[in-house]
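Colleague: Need coordinates for the below:
(3 chains)
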Amino acid sequence: MPELPEVESTRRHLAPVLEGKRIVAVSVRRDRMVRHHERPGDFADRLTGRSVRSLGRVGKMLRASLDGDLTWVVHLGMSGRMAIHRSEDPEAPHTNVVVRLDDGTEVRMVDPRTFGFTAVLTPEEMRTGVGSGWGPDALDDLPSARRLADALEGRAAPIKALLLDQRLVAGLGNIYADEVLFRARIRPGRAGGSLTTDEVGRLRAAVRPVLEAGLRHGGTSLGDLAYLLPDGRAGNYLRRLRVYGRAGERCRRCGGTVERSVIRSRSAFWCRGCQR
DNA sequence: AACGATCCCTGTTGGC
DNA sequence: TGCCAACAGGGATCGT
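Modeller: Got it, this is the predicted structure:
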């Protein structure tokens, strides 16, 4: 599942491939992948012929800055990946969007479950449309403990749910939210507003090390639809996870048993001995 | 406004 | 062994 470290790994692979190149052809094989357009045809029309200035990222969203003040946004959803190929290479199953560059390279969006999406947006659409309501990036722009405490004050929702809410902080998904809470020693079901000043500080301090550890290992490749880097390799952070996906297994820190509960119809993994 | 539930989608898994 | 229901989950949307 691509979360911030996986998306950032993807960005680092793709940036040298895309930057300075011109897009010469665009093919959409699954219409559902193109979203947030009033007219879906605008996607290919706007993208074709543009040059890529730079490739950035906010939260889990890739943002390619194009000439003509347009932005090509890509969200990988839960099963998406970007693949880099020569145009003559065979296509993987579920290749849903293909973008050909002027040097013969193809960037292919592969996504079996099509929870991902892509769009080309004007500056006005960037201000008001998808992603405009998302909060600061969890890695590059993490709010201070003070600001986090203010945001959490009075909140009854479980802290796990608040970490997944991209409006507060953008980039955490189910895996890294659980890993951050384990590192901060806070139970996922705790009401956001119940965290002490010290706990908010620990939470804030846990975000960067957890995300950077994921990034160092190329992200987490897990389960039936493993996330793959654009060169086809798997990330290997999976075996370093402390709690996520480890229900019934021994806690690496205290030796207790990792538990699984359901919060907001999503799995939460945590250790009763380590987290309060 | 805050919170929770529902939906989208499909490969894999688990139960019978 | 074979079949099918359940499961996984990011984010939009809707109801309370």
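Colleague: The residue in the stretch 151-276 of chain A that DNA strand C sits nearest to: neighbour count?
Modeller: For the stretch 151-276 of chain A, the residue closest to DNA strand C is A:Gly173, as judged by Cβ to the nearest atom of the strand, at 3.3 Å. Placement of C-beta: from N, CA and C, glycine included. For A:Gly173, the neighbour count with other Cβ atoms under 10 Å is 22.
Colleague: which helix of chain A spans the most residues?
Modeller: The residue-count maximum for a helix in chain A (DSSP state H) belongs to helix A:197-216.
Colleague: tell me the contacts of the residue of the stretch 151-276 of chain A closest to DNA strand C?
Modeller: A:1-4, A:60, A:164 (Cβ atoms under 8 Å, 6 or more residues apart in numbering).
Colleague: just to revisit the earlier point, buried stuff in the longest helix of chain A?
Modeller: A:199-204, A:206-207, A:210-211, A:213-215 (16 or more other Cβ atoms under 10 Å).
Colleague: Okay, now the unreliable bits of chain A?
Modeller: Residues of chain A meeting the criterion pLDDT under 70: A:218-229, A:231-236.
Colleague: ok so, going back, present the buried residues of helix A:197-216 as CSV; the columns should include distance to A:Glu179.
Modeller: Formatted as CSV, the buried residues of helix A:197-216 follow (distance: Cβ to Cβ, whole Å):
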residue, distance to A:Glu179
A:Glu199, 16
A:Val200, 17
A:Gly201, 18
A:Arg202, 13
A:Leu203, 12
A:Arg204, 15
A:Ala206, 8
A:Val207, 10
A:Val210, 5
A:Leu211, 9
A:Ala213, 8
A:Gly214, 8
A:Leu215, 13
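Colleague: Kindly reformat those residues as CSV and extend each row with distance to DNA strand C.
Modeller: Compiled in CSV, the buried residues of helix A:197-216 are given as follows (distance: Cβ to the nearest atom of the strand, whole Å):
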residue, distance to DNA strand C
A:Glu199, 23
A:Val200, 22
A:Gly201, 25
A:Arg202, 23
A:Leu203, 18
A:Arg204, 19
A:Ala206, 18
A:Val207, 15
A:Val210, 15
A:Leu211, 14
A:Ala213, 18
A:Gly214, 13
A:Leu215, 17
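Colleague: From these, pick the one nearest A:Gly131.
Modeller: Nearest to A:Gly131 among the buried residues of helix A:197-216, counting by Cβ to Cβ, is A:Leu211 at 18.8 Å.
Colleague: what does the stretch 101-250 of chain A have sitting close to DNA strand C?
Modeller: By Cβ under 7 Å from any atom of the strand, the residues of the stretch 101-250 of chain A that approach DNA strand C are A:113, A:115, A:130-131, A:164, A:166, A:173-175.
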